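Enquirer: this is a predicted model, with the sequence first.
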Amino acid sequence: MISIFRKKEFLVDHLQGITDIHNHILPGIDDGAQNIEDSISLLEKFSDIGISKFIATPHIMNDYYPNTPKTINNALALLNKGISENEKLKNTEIHFAAEYMMDQNFLDLMKTEKLLPLKDNMVLVEMSYFQAPINLNEILFKLQTNGYKPVLAHPERYAFYHAKDLSKYEDLKNRGCLFQLNTLSLTPHYGSNMQKFAYRLLENGMIDFIGSDAHRIQHIEKLQAIKLEKKHLNKIDKVLTKTRDEF
């Protein structure tokens, strides 16, 4: 007899109507879509799985992707023109924010201009995959002093925080960080350790939001293949509900 608790379901069957709050769909401004054709292909693939609302989050990373509100808005305007000529994408809705690398440039930006939030005061931030910034506490403090709420992108991918306990993640939570899970972290796409910690964070109720972090078509194709056990779907559904309610 097969236990009902072992039954698996496709994640995509639970995603309809959600806003994808982390992606790289804007053309030509970071390591995501390289041109308008790439962007349109990504949006059409998203449409196939019932996702038509997006907050575009191109990288703002001083040494590699020195984006500004102007470069991001220009890329969105170009994409919206392509969308307007595509009947399949008539219901597509895109707003823009950014994914900020927490470094010295980020501190400088906070001194000189307003940040681009996901919504209200929530700002998507990331760290290097090699190590946390040595002044991380200062960055988080100044971010919140300036009235922003940090949403840490893909916390499961920071291997330097992986340990037997979750104390380092708990410290980030205590410092005011919300956590955004990448859908592909539920698979070995980024590595088995990343997958393991994605589930640990999920099972411990530490994940607040979920996003695709899609850069290319292959990412959505892999997303389509994700199957989850009931016990994990129950946790994911709570995160999906919170994401829908916020965005």
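Expert: Yep, it's here.
Enquirer: ranges for the helices of the protein?
Expert: 36-48, 69-84, 104-112, 136-145, 167-174, 192-203, 217-224, 230-246 (DSSP state H).
Enquirer: where does this structure dip in pLDDT?
Expert: 1-6 (pLDDT under 70).
Enquirer: the same query, at a cut-off of 50, please.
Expert: When residues are selected by pLDDT under 50, those of the chain lie in 1-2.
Enquirer: rewinding a little: what's the closest of the helices of the chain to residue 28?
Expert: Nearest to residue 28, of all the helices of the chain, is helix 69-84, at 6.5 Å by C-beta to C-beta. (Glycine included, C-beta is placed from N, CA and C.)
Enquirer: run the chain-centre distance for that closest one.
Expert: Centroid separation for helix 69-84 versus its chain: 20 Å, with C-alpha atoms, centre = their mean, to the nearest Å.
Enquirer: can you list the helices of the chain in CSV and add distance to residue 180 and mean neighbour count?
Expert: Shown next, in CSV, are the helices of the chain (distance: least, C-beta to C-beta, whole Å; neighbours: other C-beta atoms under 10 Å):
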stretch, distance to residue 180, mean neighbour count
helix 36-48, 17, 19
helix 69-84, 19, 16
helix 104-112, 17, 14
helix 136-145, 15, 16
helix 167-174, 12, 15
helix 192-203, 11, 17
helix 217-224, 15, 17
helix 230-246, 9, 15
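Enquirer: so who does residue 28 touch?
Expert: 34-35, 75 (C-beta atoms under 8 Å, 6 or more residues apart in numbering).
Enquirer: relative to residue 185, how far out is the nearest residue to residue 188 once chain neighbours are set aside?
Expert: Distance criterion C-beta to C-beta, 6 or more residues apart in numbering; nearest residue to residue 188, sequence neighbours excluded, is residue 195 at 5.2 Å. Residue 195 sits 6 Å away from residue 185, going by C-beta to C-beta, to the nearest Å.
Enquirer: how about the nearest residue to residue 197, chain neighbours excluded?
Expert: Among residues not flanking residue 197 along the chain, residue 156 sits closest, at 4.5 Å (C-beta to C-beta, 6+ apart).
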